[in-house]
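**Student:** Pasting the sequence and the predicted model now:
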Amino acid sequence: MMTKKILLGAIALALSTGVMAKETLKIITWKGYAPKALVKEFEKETGIKVKVTYSNNEEMVAKLRATRGAGFDLAQPSQDRITAVQKKHHIYQPIDYSKVKTDQIITSMLDAVKKNTAVDGKGYGVPHVYGTTGMIVNKKNAPDAKDWSDLWNPKYKGKISYRLKRPILIATAFGMGEDPFALYNDKAAYQKLIDKVEKKLIEAKPLVKNYWTSGDTQVEIIKSGDADVISGWDAKGWSVHKINPDIDFIAPKSGALGWIDTFAIPAKSKNVEGAYKWINFMLRPKNGAAITNASNYGTASKGAPEFLDAGIKADFERSFSKEDIDNIKWHPPVPDGFESIEAKALDRIKAAK
Amino acid sequence: MSVENKKGFNVTFYLLIVPVLLWLVILIVLPHIDLFISSFQVENDAGEKVFSFDNYLAFFRQKIYWLTFVKTAAYAIGVTILAFVITFPIAFYLTKVTSKKNASFLVLLLLIPLWVGELVTVYGWMVLLGDHGIINHFLMTLGIIDKPLNLLYTNLSMVIGLLYMSMLFMVVPVMSTLESLDDSLIEAASDLGASKFTIFRRIIIPYAMPGIVSGAIIVFMLVIGDYLAPNILGGKSSLWFTEQIYNEFLQTFNWNEGAAFGFLLLMLSSGIIWLALKLSGQKLEKVGS
C-alpha cells in the first residue's frame, strides 16, 4: 500500500511541525470528561499543554484505526469496545498498572475493567467514568412506564423515542425476558435473538415518535414534550429533572445497562508518561468529584464521594433502589463480528415502513 | 489564459500551480485511489484482504441498499424540482422587476441563512416545527387546530430542511443568466401579441436554461450528499444513502463496503446528471461556464 504510506507520511509531517516547542498531551475523549478548569490546573502543575478532541466510541475507533494508533496520546473508549478492536487492529498499548495510582480507584471496578479489556493476559483500560442507560419518563403523562417493554407499549403511541443503536437492541432483548449477554459466546444463537428483536422493533415502529441521535436530541425530544417515554442516559435524565420535575430518569425493571468509560493509551502515543500523569490526576478524589458534580456521571475515583454535591446523591437514590443497583447489566466485551450483525438489523429497522 | 512572457511563465506559473497540485494530489486524489483499491477488497476468514467484487455486488443483492439509494435519489430529484419552482419567481423578481438597489439588499437577505451554517438552521427548523414549536403554538392559539400537527420528524420537515439549505444555489445561477436577458426581447414578444405564458415558455425559460441546469446540478449534488438534514429533521424511516456509508465506516467498521458505497454514490449520481443533461439537451461545458 504505497499510497497509504505516502499519505501517512504527509500527515505525520504536517502534525509534527506544529508541536515541537512544548510537551503536549493530545486526548480524544467524550464531552465533559476533560473540563477546562481541570485542564488548566493540570497544565499549571505539570507544564504539559493539553489538547482535547471530543468524540464518541465509533469515531474514536475509526480515527485511531486510520492512523494505526497514532495522532492521540490518550483515548477514552468504553470498556466493552476495546478487546475486539485491539485483537484486530492493534491500536492500543497495554496499561502498565504499576504507573497508575490504583489506590485512588474503586477496587472492584478496576478489577472488572482489567478483566474486560484483557487481550493475551494484558489489561488495556483504566476505569474513569461510569453510568447507565435506562429510561427517561415524563411521569405526569406516563406514570406507569417502568420497564423497557414500555418502549413498545401501544398506550404511549407517538410519544416514544429511543436511539437506534446497539443499546436499544440489548435493552429490547432484556425487555422481552431474554439475556443477550449470555449469548455472547454463541454467534448463531445471538443472530437468532437479534432477528427476534428486529421483528419486535419493526412491529413497534408505528408507535415511535422519532429516533433520537445524540445526547442533545435526546434531551430536546423529552423536554419539548414531543415524547414522554424514551430511552436515555441517567445523567441526561437528571439534568432535565432540574428543569422540569415531572421528567426523571428511571432504572427499567428488567435492568438498566451499565457502561464504564476507560482510559486507554493508543499504540503510537507520543507522550505515554504524560498520559499516566493525566490518568492519575483525573482520578484524584477532588477531580473525580468535579466531573461528577458537573455532569452527573459516576466516577471510578474512590475518595470522590466526600466532595460530591448533595443533589447528586439524591438524584441517584431517587432513580435506583437497592435491587435496581444489583440488577444493572454491565456491558461485557463485544465479540468480534457481533457489531455487524447488529448494524444490519439496525439498518433494516431504520428503513422499514 | 494567455501567457506572453515565457520566462515569467516558468517561475510564477509553477509557484502558483504547485500548492494547488499538492492539495489536489495529497488530499483528494490519493485518498480516492486508496478508497478505490480498498473498495475491491474483502476480508477472508483468515483476516487477510483479498480481491473481490463482493462489496459492489452486495449493493445489488441486498434490497435495503439499492432501495435506500433509489429513495435518496428520488427525493434529491424532487427537492431539485421544488427548488426550481420556488426560486425561479424569486430570481425573476430580483433581476427584472425590482430596482438594482433593492435587489442587492434582498440577495443579502437570502445569503444570511448560509452564514450561520447548516446545523444551526436545522435546529432552527426544529424549534419552528416541533409539536410544541412556534408554528403549532401559533395555529393553536388562533384556534385553527386543536391538536398539534405532526410536522417535525417527517419527510415534510426533511424536505423543508434540504430545500432551505440548497435553494440559494439555484437562485444565483438562474439570476446570472436572467440578468443578461435583454428586456426588449420580452417587450417585442408582447408587442407581437404573445401571452404572458407563451413569453415565459418560449423566451424566458429557454434563455435561462443553462443557469437552471447548472443550479439543478448543484442542488441535486448537495441534497444527495447531505447528511445532517435527513439525520436530524428526517423521520424514523428516513435512511439516507450517506447515512448508510457513515454506518459502514463507523458502526460495522467495514471500510471496504463503505468505500464501495462511496464510489457507487459518485457513479450513480454522476449518471443521473449525465442523463438529465441528455434529456434537457444541454452541454456540460456550456452549463459550467
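**Tutor:** Done, it's in.

**Student:** quick check: domain ranges of chain B?
**Tutor:** The record's domain parsing of chain B by automatic domain parsing lists B:1-38, B:55-288.

**Student:** Need phi/psi at the closest residue to residue B:121 other than its chain neighbours.
**Tutor:** Spatial nearest neighbour of residue B:121, excluding adjacent residues (Cβ to Cβ, 6 or more residues apart in numbering or on different chains): residue B:113 at 5.3 Å. From N, CA and C alone the C-beta is placed, and that goes for glycine too. Here is the backbone geometry of residue B:113 (degrees, to the nearest 10): phi -60, psi -30.

**Student:** and what of residue B:11?
**Tutor:** When read as degrees, to the nearest 10, the backbone of residue B:11 gives phi -70, psi -60.

**Student:** okay, now it: neighbour count?
**Tutor:** 9 (other Cβ atoms under 10 Å in any protein chain shown).

**Student:** ok, now residue B:197?
**Tutor:** Residue B:197 has 8 neighbours, counted by other Cβ under 10 Å.

**Student:** what does residue A:256 give?
**Tutor:** Counted with other Cβ under 10 Å, the neighbours of residue A:256 add up to 28.

**Student:** Give me the buried stretch members for stretch A:51-64, please.
**Tutor:** By 16 or more other Cβ atoms under 10 Å in any protein chain shown, the buried positions in stretch A:51-64 come out as A:52, A:55, A:56, A:57, A:58, A:60, A:61, A:63, A:64.

**Student:** just to revisit the earlier point, closest to residue A:334 out of the domains of chain B?
**Tutor:** domain B:55-288 (11.3 Å; Cβ to Cβ).

**Student:** Could you say which of the domains of chain B is packed most deeply?
**Tutor:** Compared across the domains of chain B, domain B:55-288 shows the largest average neighbour count, a mean of 17 (mean count of other Cβ atoms under 10 Å in any protein chain shown).

**Student:** What parts of the stretch 51-200 of chain B come near chain A?
**Tutor:** Taking Cβ under 8 Å from any Cβ of the partner chain as the test, the list of the stretch 51-200 of chain B residues beside chain A reads B:64, B:67, B:68, B:126, B:130, B:131, B:132, B:133, B:150, B:152, B:153.

**Student:** Keep only those of the residues you listed that are in helices.
**Tutor:** Cross-referencing these against helices under DSSP state H gives B:64, B:67, B:68, B:126.

**Student:** Which of those sits closest to chain A?
**Tutor:** Nearest to chain A out of these is residue B:64 (Cβ to the nearest Cβ; 5.1 Å).

**Student:** Including pLDDT and distance to residue B:13, could the buried residues of stretch A:51-64 go into CSV?
**Tutor:** Below are the buried residues of stretch A:51-64 laid out as CSV (pLDDT from 0 to 100; distance: Cβ to Cβ, whole Å):
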residue, pLDDT, distance to residue B:13
A:52, 95, 43
A:55, 89, 42
A:56, 86, 46
A:57, 87, 48
A:58, 84, 45
A:60, 92, 44
A:61, 90, 44
A:63, 91, 38
A:64, 93, 41
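
**Student:** Mind checking which of the residues you listed land in helices?
**Tutor:** A:57, A:58, A:60, A:61, A:63, A:64.

**Student:** Show the low-confidence segments of chain B, by residue range.
**Tutor:** B:1-9, B:46-47, B:286-289 (pLDDT under 70).

**Student:** Tell me the spacing between residue A:252 and residue B:95.
**Tutor:** 60 Å (Cβ to Cβ, to the nearest Å).

**Student:** scratch that, residue A:238
**Tutor:** Residue A:238 is 56 Å from residue B:95, by Cβ to Cβ.

**Student:** What residues are recorded as beta-bridge partners of residue A:263?
**Tutor:** Note on residue A:263: beta-bridge partners by DSSP bridges are residue A:126.

**Student:** Tell me who's in contact with it.
**Tutor:** A:74, A:75, A:76, A:95, A:125, A:126, A:128, A:275, A:278, A:279, A:282 (Cβ atoms under 8 Å, 6 or more residues apart in numbering or on different chains).

**Student:** Reformat those residues as JSON lines; add secondary structure, neighbour count and pLDDT.
**Tutor:** Putting the contacts of residue A:263 into JSON lines (DSSP: H, G, I helix; E, B strand; the rest coil; neighbours: other Cβ atoms under 10 Å in any protein chain shown; pLDDT from 0 to 100) gives the following:
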{"residue": "A:74", "secondary structure": "strand", "neighbour count": "25", "pLDDT": "96"}
{"residue": "A:75", "secondary structure": "strand", "neighbour count": "28", "pLDDT": "96"}
{"residue": "A:76", "secondary structure": "coil", "neighbour count": "23", "pLDDT": "96"}
{"residue": "A:95", "secondary structure": "coil", "neighbour count": "23", "pLDDT": "96"}
{"residue": "A:125", "secondary structure": "coil", "neighbour count": "31", "pLDDT": "96"}
{"residue": "A:126", "secondary structure": "strand", "neighbour count": "28", "pLDDT": "96"}
{"residue": "A:128", "secondary structure": "strand", "neighbour count": "28", "pLDDT": "96"}
{"residue": "A:275", "secondary structure": "helix", "neighbour count": "26", "pLDDT": "96"}
{"residue": "A:278", "secondary structure": "helix", "neighbour count": "23", "pLDDT": "96"}
{"residue": "A:279", "secondary structure": "helix", "neighbour count": "21", "pLDDT": "96"}
{"residue": "A:282", "secondary structure": "helix", "neighbour count": "28", "pLDDT": "96"}
